[in-house]
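Asks: Here is my input; please provide its structure:
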Amino acid sequence: MIQSIMMKPKLTRFQQVAAEQCGNISKIADAFGVGRASVYRWLLTDEKFKSVIEEQRGRLLDRCIESAALLANGVPSWEESANGPVFKGWKVMPDGNMLRYLISTLGRKEGFGESTAIDITSKGEKLIPEPIQIEVIDRREQVEKEENE
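Replies: Model prediction:
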């Protein structure tokens, strides 16, 4: 089967389709009636096309972060009172795992996150731990004897 080769579209049309498809290469290729390899070729040969995809993926990431923040923060339930709104509980509980994830990834510059300690004793060599020997001592008889006394 011979696949027809489509000429690269105009940048404005590519921007429109990339925005509609949130930077998804497969969906962009389908919209233009070409294979994914053709779209990747466009990206490799034209920095403007590449920057369009990077922009769309950045926008998608921003929307994901917004959704993650909603999960992390939960949805509070408020009730009006004479003194103003009063917290009554949660419509949707905050997701502690999502909160931890966001703090550990987005908060790295502020000192949050997982430790990336470096082992300075290995000099870059893979360390193989020594085998551990375990001695099992059965003291049941001694304990039973003490309990009977």
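
Asks: Please point out which parts of the biggest helix by length in the chain sit buried.
Replies: Looking across the chain with DSSP state H, the single longest helix is helix 47-73. Neighbour counts using 16 or more other Cβ atoms under 10 Å place 49, 52-53, 56, 68, 71-72 of helix 47-73 among the buried residues. The C-beta positions use only the backbone N, C-alpha and C, and glycine is treated the same way.

Asks: what's the answer for stretch 87-107, then?
Replies: 95, 98-99, 102.

Asks: Using PDB, write down the CA coordinates of stretch 65-75.
Replies: Only the C-alpha atoms of stretch 65-75 are listed here, as PDB (Å, rounded to 0.1, in the frame of the first residue of the first chain):
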ATOM      1  CA  ILE A  65      -1.800  21.000  37.300                       C
ATOM      2  CA  GLU A  66      -5.100  22.900  37.800                       C
ATOM      3  CA  SER A  67      -6.900  19.600  38.000                       C
ATOM      4  CA  ALA A  68      -4.300  18.200  40.400                       C
ATOM      5  CA  ALA A  69      -4.600  21.300  42.600                       C
ATOM      6  CA  LEU A  70      -8.400  20.700  42.800                       C
ATOM      7  CA  LEU A  71      -7.800  17.100  43.900                       C
ATOM      8  CA  ALA A  72      -5.200  18.200  46.400                       C
ATOM      9  CA  ASN A  73      -7.300  21.000  47.900                       C
ATOM     10  CA  GLY A  74     -10.600  19.200  47.900                       C
ATOM     11  CA  VAL A  75     -14.000  21.000  47.800                       C
END
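
Asks: if we look at it, which residues are touching it?
Replies: With Cβ atoms under 8 Å, 6 or more residues apart in numbering as the test, stretch 65-75 has contacts from 90-95, 98-99, 101-102, 106.

Asks: ok now it, how far from the chain's centre?
Replies: 14 Å (Cα atoms, centre = their mean, to the nearest Å).
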